[in-house]
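**Q** This is a predicted model, with the sequence first.
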Amino acid sequence: MKYISFAPIGDGNITQFSKPSLLVSPRSATILASYNCSAACEHCCFDSHPGIKTRLSLDEIIKFIDEVNSFGTIQLIVFSGGECFLLGKELDIAIKHATKLGLNTRCVTNGFWAISEDIALDRMQKIKDAGLKEINFSTGDFHQKFVPQSNIINGVLASTSLGLPTLIVIELRKERTISFVRLAEDPRISELLRTKRLQIIESPWMPMSLKEQVKQDSSIYVNKHNVHKRKGCSDILNNIVITPTKDIGACCGLTRELIPELNLKLYPERSLRMAYKQSTMDFMKIWLHVEGPERILAWAASKNPDIDWENRYAHRCHACLALYKDEKVREVIRNYYHEKLDEVLLKYSTLIRAGGLVTSTNGQDEI
């Protein structure tokens, strides 16, 4: 049996585990071609703002699509950022390329381009003709300092009129003016909701620091009374991400840029497949997928009551940041992870057998 070392936390390897005969493989891939954005929202996960120059070229985007397609398990390509619509015609070309390969595509946008109903419809028609299958609009108080609500409505009317599955994600925080209720007051939006041509969700807005807080209603925070309801992170191991600097992300989490362990550099001697495989052999990532950051935090606090976690984290990516940045949590994991090893790996194996993760034997590179 071959054994693989891994180092999820700390400076050195903390344990080893057996390499499974079939390694897991991602279902989706996310392209963060640039962090350039028409907005500069407070607490932006990638510190996106206008004028950022670093970006992937079209050739690099196409190459990434081809490489992830070779995995044999990718079903969806997500274009986000930054603001992906700033890529202009190159976005359409990349979507058309992915579509020709039989892959579904989704765009995540703030809707800055939808300045009128006619302009929005023209842009959506072009990108749908390229093959786009889904679109997500992001909005809320921070977003609407730069992109008005009318843009969101124009974009949504255009996408739904063309039959594209459409989602609006609204920033959730305790004190705000933009909400599901307010958007639904518009009769056009309420009709789209009634006919199920539009979905709206509210997602907790979070800071990019453990020291800062974005105030939420008390019911939103994780604590000992509700942590049992939190599930594993479905994004990690199921998604592979490329960033504007050609880092490879193991998830599309909001705090991933702040967590070196969740990013891998591509080198000439290491293929994309090898980079992904290396990430799947990290017990910490397996643990996150199986139990989720909130339950790991609660477990760590059971070992060290000085760990302050209750009623601090509304978004799971904020809790994940605590796992990697709070030294008290890191110390507990280093010292006691072995108590969870067998249980987590058993659950992981069960998830694979049940189809919760996909596996692939295509081009099995050695690490």
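**A** Ah, there it is. No experiment lies behind these values; they were computed from the predicted model shown.
**Q** worst-scoring helix or strand of this structure, pLDDT-wise?
**A** Of all helical and strand segments in the chain, the minimum by mean pLDDT, DSSP states H and E falls on strand 3-6, at a mean of 32.
**Q** Residue 219: how many residues sit nearby?
**A** 7 (other Cβ atoms under 10 Å). Placement of C-beta: from N, CA and C, glycine included.
**Q** show me what contacts the closest residue to residue 216 other than its chain neighbours?
**A** Leaving aside its chain neighbours, residue 216 sits nearest to residue 314 (4.4 Å; criterion: Cβ to Cβ, 6 or more residues apart in numbering). Contacts for residue 314 (Cβ atoms under 8 Å, 6 or more residues apart in numbering) come out as 172, 204, 206, 214, 216, 220, 221, 222.
**Q** so of the residues you listed, which ones are in strands?
**A** If you go by DSSP state E, those have 172, 204 in strands.
**Q** Let me know the closest of the contacts of residue 314 to residue 80.
**A** residue 206 (16.8 Å; Cβ to Cβ).
**Q** Tell me who's in contact with the nearest residue to residue 146 once chain neighbours are set aside.
**A** Once flanking residues are discounted, residue 146 sits nearest to residue 39: 3.6 Å by Cβ to Cβ, 6+ apart. By Cβ under 8 Å, 6+ apart, residue 39 lies in contact with 48, 49, 50, 83, 110, 112, 143, 145, 146, 147.
**Q** and the gap between the fourth one and residue 56?
**A** Okay, so that is residue 83. 14 Å (Cβ to Cβ, to the nearest Å).
**Q** Residue 64: neighbour count?
**A** 23.
**Q** Assumed it was part of a helix.
**A** Yes. Residue 64: assigned to a helix according to DSSP: H, G, I helix; E, B strand; the rest coil.
**Q** okay, the closest residue to it other than its chain neighbours: pLDDT?
**A** Counting by Cβ to Cβ, 6+ apart, residue 64 lies nearest to residue 242, which is 5.0 Å off, once chain neighbours are set aside. As predicted, residue 242 sits at a pLDDT of 95.
**Q** how about the strands of this structure, start to end?
**A** Under DSSP E, the chain gives strands at 3-6, 15-18, 23-25, 28-32, 76-80, 104-109, 134-139, 166-172, 198-204, 239-242, 247-249, 263-265, 358-360.
**Q** Out of these, flag the one nearest residue 299.
**A** Of those, nearest to residue 299 by Cβ to Cβ is strand 15-18, at 16.7 Å.
**Q** Give me the more crowded residue out of residue 83 and residue 56.
**A** residue 83 (25 against 22).
**Q** Quick one: neighbours of the nearest residue to the more buried one once chain neighbours are set aside, just the number.
**A** Residue nearest to residue 83 in three dimensions, not counting chain neighbours: residue 37, with 4.4 Å by Cβ to Cβ, 6+ apart. By other Cβ under 10 Å, 25 other residues sit near residue 37.
**Q** Over to residue 271?
**A** For residue 271, using other Cβ under 10 Å, the count is 15.
**Q** mind checking how far it is from residue 67?
**A** 8 Å.
**Q** now do residue 235
**A** 20 Å.
**Q** More neighbours: which of these two?
**A** residue 235 (22 against 18).
**Q** what residues are up against the residue lying closest to that one once chain neighbours are set aside?
**A** Counting by Cβ to Cβ, 6+ apart, residue 251 is the residue found nearest to residue 235 once chain neighbours are left out, at 4.7 Å. Residues in contact with residue 251 (Cβ under 8 Å, 6+ apart) are 233, 235, 236, 237, 239, 241, 262.
**Q** coming back round to it: out of the contacts of residue 39, who's the most crowded?
**A** Result: residue 110 is most packed of the contacts of residue 39 (other Cβ under 10 Å), 27 neighbours.
**Q** for the residue lying closest to that residue once chain neighbours are set aside, phi and psi?
**A** Once flanking residues are discounted, residue 110 sits nearest to residue 147: 4.9 Å by Cβ to Cβ, 6+ apart. The phi/psi pair for residue 147 (degrees, to the nearest 10) reads phi -130, psi 110.
**Q** Hmm, residue 115 and residue 147 touching each other?
**A** No. Counting by Cβ atoms under 8 Å, residue 115 is not a contact partner of residue 147; they are 9.6 Å apart.
**Q** on that earlier part again, and the contacts of residue 39 as JSON lines, adding distance to residue 165?
**A** Converted to JSON lines, the contacts of residue 39 look like this (distance: Cβ to Cβ, whole Å):
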{"residue": "48", "distance to residue 165": "25"}
{"residue": "49", "distance to residue 165": "29"}
{"residue": "50", "distance to residue 165": "29"}
{"residue": "83", "distance to residue 165": "20"}
{"residue": "110", "distance to residue 165": "18"}
{"residue": "112", "distance to residue 165": "21"}
{"residue": "143", "distance to residue 165": "21"}
{"residue": "145", "distance to residue 165": "28"}
{"residue": "146", "distance to residue 165": "25"}
{"residue": "147", "distance to residue 165": "21"}
